[in-house]
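**Student:** Structure of the sequence below:
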Amino acid sequence: MEYKDGDRLVGVRSFNEGKTENAFYYSESRYRDNTTMSVRLVNILRRLQEELAQNQNEQIAILVRENWQVEKIKEICANATINVETDVGGELYQLQPVIDLYKMVKALQHYKTPKHLFNLYTTCFIDTPMPKEAIFQNRFSSDAMVRLFALFNTKLMPIPKWEKYVEAMKYEPALKILREIVLDLKPWLNRAEKEITQEDKKRVATFYRQNLDVIFEKLAFEFNSDYLTISRIERFLEIMIQTGQKEQSREPFGVEQVGKIVCTTVHKAKGLEYHTVILPYMVVVSEGKKHKGNTDIIALGNRIGYSVKTDRFNAITNSHYQAFKAEEAADRRDEEARILYVAMTRAKQRFIYFDDRKNSGTIAEPKDWKILLRGGEGL
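**Tutor:** Numbers count the residues shown, from 1 in each chain. Sure, this is the predicted structure:
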């Protein structure tokens, strides 16, 4: 279902009444500064530990967006002598799903360059054999090679609707088109076909798809304040892959972590369940504000949007720029709603979130998850 500006979730019962052992309930903890947040988090954790002391099978999860937040929670708990299990670092940017997506981005960005087009045959996006003989026959003509990829045999066409995707990339948000390609081609199924047993097929397919979800979440988060073009995605993935940046991947079926309290990222927790879920950081923008120049230009198809800063607080923009930004903001908001949904649905009994009492923005452009929880009212 599409989430529109006027939509909101409305409870039909009070989950907090009674607070019986089998009842699910949520609560909100407000704070004004980081010190207050730390104290309240520690108090909540100690109280929950006492409540669950007799039930060793239940866990408390502190879910965050980024690894630096995991480190911060770890520091807070260490200072309070509370043991918390964390899992930071990882090999996400070296995994096949991310490498495959990078090759797809390169091909979409350089759709007239044969080497990037035919490099897609090394990914799970294509399940047909590479037409080596035809490639050899057309090796001296770049134009013929490009036509070969786009129109190669109707039955063995490597990527149906390829030209449609390329054209749509000129007019629509890049992340939206990439998601459409992934859902249409389902590369995890092609990857699974390389395995023998059904158990292995299911495991590798789930692993591949889950880590595609992770990189999409990461892209939406990293560029939440910028218009996300295919060239920016290409550059981001290129840097992260070539420099070997560490980011935690998502395990196929989610092995239960050891320890009464765990702190991990939301995307790492997908597929897991915990007695209590705590969201200490509700903000959706990354730590620190990205610096941008005085001029921002977006070109899509035959439309050019521009924004020119006249001073620190004001800028001159045209209607195309405002339309591009509005469309990208809506796509970002939908992505944030999906991530918040994943976080909330990890909880079996309790859901607790922290409110820093700062401006949450609007439903159209949320600055944090609180406004999505409250439907934009009462802020």
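
**Student:** buried ones in stretch 318-331?
**Tutor:** 321, 324-325, 328-331 (16 or more other C-beta atoms under 10 Å). (Each C-beta comes from the backbone N, C-alpha and C, glycine too.)

**Student:** of those residues, closest to residue 170?
**Tutor:** Proximity of the buried residues of stretch 318-331 to residue 170 (C-beta to C-beta) peaks at residue 324, which lies at 12.1 Å.

**Student:** Could you measure from that closest one over to residue 370?
**Tutor:** 27 Å (C-beta to C-beta, to the nearest Å).

**Student:** ok, now residue 187?
**Tutor:** Taking C-beta to C-beta as the measure, residue 187 falls 36 Å from residue 370.

**Student:** where does the stretch 51-200 of the chain have low pLDDT?
**Tutor:** 87-90, 150-157 (pLDDT under 70).

**Student:** could you pull out the helices for it?
**Tutor:** Remark: helices assigned in the stretch 51-200 of the chain by DSSP state H, counting those that start in this stretch are 67-79, 96-109, 114-118, 132-137, 142-151, 162-168, 174-185, 187-192, 198-222.

**Student:** about what we covered before: between the buried residues of stretch 318-331, which is nearest residue 127?
**Tutor:** Nearest member of the buried residues of stretch 318-331 to residue 127, counting by C-beta to C-beta, is residue 331, at 28.7 Å.

**Student:** ok, and the closest non-adjacent residue to that closest one?
**Tutor:** Closest residue to residue 331 apart from its sequence neighbours, by C-beta to C-beta, 6 or more residues apart in numbering: residue 173 at 5.1 Å.

**Student:** what separates the spatially most central residue of the chain from residue 98, distance-wise?
**Tutor:** Central residue check for the chain by C-alpha atoms, centre = their mean: the C-alpha nearest the mean position is that of residue 217, 0.5 Å away. Distance of residue 217 to residue 98, computed by C-beta to C-beta: 12 Å.

**Student:** and if you look at residue 109?
**Tutor:** Distance of residue 109 to residue 98, computed by C-beta to C-beta: 16 Å.

**Student:** Of the two, give the one with the bigger neighbour count.
**Tutor:** More crowded of residue 109 and residue 98, by other C-beta atoms under 10 Å: residue 98, with 22 against 18.

**Student:** measure residue 98 to residue 332 for me?
**Tutor:** Counting by C-beta to C-beta, the separation of residue 98 from residue 332 is 20 Å.

**Student:** And residue 330, which helix or strand is it part of?
**Tutor:** Secondary structure from DSSP states H and E places residue 330 in helix 319-344.

**Student:** right, and the residue nearest to residue 331 touches residue 329 too?
**Tutor:** No: counting by C-beta atoms under 8 Å, residue 173 does not reach residue 329; the two are 10.0 Å apart.

**Student:** Overlap of the contact sets of the two?
**Tutor:** Applying C-beta atoms under 8 Å, 6 or more residues apart in numbering, one finds that no residue jointly contacts residue 173 and residue 329.

**Student:** could you check the angle helix 319-344 makes with the longest strand along the chain?
**Tutor:** The residue-count maximum for a strand in the chain (DSSP state E) belongs to strand 347-355. Orientation check (axes from the mean of the first three to the mean of the last three C-alpha atoms, to 10 degrees): strand 347-355 against helix 319-344 gives 130 degrees.

**Student:** Strand 347-355 pairs with which strands?
**Tutor:** Partners of strand 347-355 in the sheet, by DSSP bridges, are strand 25-30 (parallel), strand 274-279 (parallel).

**Student:** quick one, domains of the chain?
**Tutor:** 25-87+257-374, 92-242 (automatic domain parsing).

**Student:** With distance to residue 249 added, can I get the ones you listed in JSON lines?
**Tutor:** JSON lines is the format used below for the domains of the chain (distance: least, C-beta to C-beta, whole Å):
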{"stretch": "domain 25-87+257-374", "distance to residue 249": "8"}
{"stretch": "domain 92-242", "distance to residue 249": "5"}
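
**Student:** so which of those gets nearest residue 248?
**Tutor:** domain 25-87+257-374 (5.3 Å).

**Student:** The closest one: how far from the chain's middle?
**Tutor:** Relative to the chain's own centre, domain 25-87+257-374 is displaced by 12 Å; criterion: C-alpha atoms, centre = their mean, to the nearest Å.

**Student:** sec struct for the spatially closest residue to residue 328 that is not a sequence neighbour, please.
**Tutor:** Spatial nearest neighbour of residue 328, chain neighbours left out: residue 227 (5.1 Å); criterion: C-beta to C-beta, 6+ apart. For residue 227, the secondary-structure state derived from DSSP: H, G, I helix; E, B strand; the rest coil is coil.

**Student:** swap in the one 4 residues further on?
**Tutor:** Secondary structure for residue 231, judged by three-state DSSP, is helix.

**Student:** and it, how many neighbours does it have?
**Tutor:** Residue 231 has 11 neighbours, counted by other C-beta under 10 Å.

**Student:** if I pick the nearest residue to it once chain neighbours are set aside, what's in contact with it?
**Tutor:** The shortest distance from residue 231 to any residue other than its chain neighbours is 6.1 Å, reached at residue 109 (C-beta to C-beta, 6+ apart). Taking C-beta under 8 Å, 6+ apart as the contact definition, residue 109 lies against 116, 230-231, 234.
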